[in-house]
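*Asks:* Sequence first, predicted model second:
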Amino acid sequence: MKVLKFWATWCAPCRILKTTLNSFDACPMEEINVDDDPEKKGETYSIRALPTLVLVNDAGEELWRKTGVITKAELDSIVKQHK
């Protein structure tokens with residue numbers, strides 16, 4: 001299981017989320033800059049707004065999705081629910 005974090009350097013809420021999740025360690029997190037990897041953004045995960053977090057299982061199936069800012073405690077809780 002891992003969290004995919006879709007973000008961009010020009011996105012102010014993305015910068016807030018980066019600070020908020022700086023010490024997140026409940027599961028691995030893969031950061032995907034949508035400007036650098038547009039294929040994952042559009043074709044694979046249909047990202048329409050930033051920031052977006054997607055929790056996927058080991059097979060890559062989506063378990064949960066959230067667009068916008070979230071607290072570390074909220075994300076920790078979501079990960080625990082899906083373990």
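*Replies:* Nice, thanks for sending it over.

*Asks:* all contacts plus neighbour counts: C-alpha atoms, from now on.
*Replies:* Fine.

*Asks:* Distance-wise, check the closest residue to F24 other than its chain neighbours relative to I78.
*Replies:* In space, and not counting its chain neighbours, F24 is closest to K72: 6.3 Å by C-alpha to C-alpha, 6 or more residues apart in numbering. K72 is 10 Å from I78, where distance means C-alpha to C-alpha, to the nearest Å.

*Asks:* swap in W10?
*Replies:* Taken as C-alpha to C-alpha, the span from W10 to I78 is 27 Å.

*Asks:* How about the contacts made by the residue nearest to F24?
*Replies:* 20-21, 24 (C-alpha atoms under 8 Å, 6 or more residues apart in numbering).

*Asks:* Show me the helices in the protein, by range?
*Replies:* Listed in chain order, the helices of the chain (DSSP state H) span 12-20, 38-39, 72-82.

*Asks:* Pick out the shakiest of those helices, pLDDT-wise.
*Replies:* With a mean of 78, helix 38-39 has the lowest mean pLDDT of the helices of the chain.

*Asks:* where in the protein is pLDDT low?
*Replies:* Residues of the chain meeting the criterion pLDDT under 70: 41-42.

*Asks:* circling back to that earlier point, winner for burial among the helices of the chain?
*Replies:* Comparing those by mean neighbour count (mean count of other C-alpha atoms under 10 Å), helix 12-20 comes out on top with a mean of 15.

*Asks:* Now tell me what touches that helix from outside.
*Replies:* Helix 12-20 has contacts (C-alpha under 8 Å, 6+ apart) with 7-9, 50-51, 68-72.
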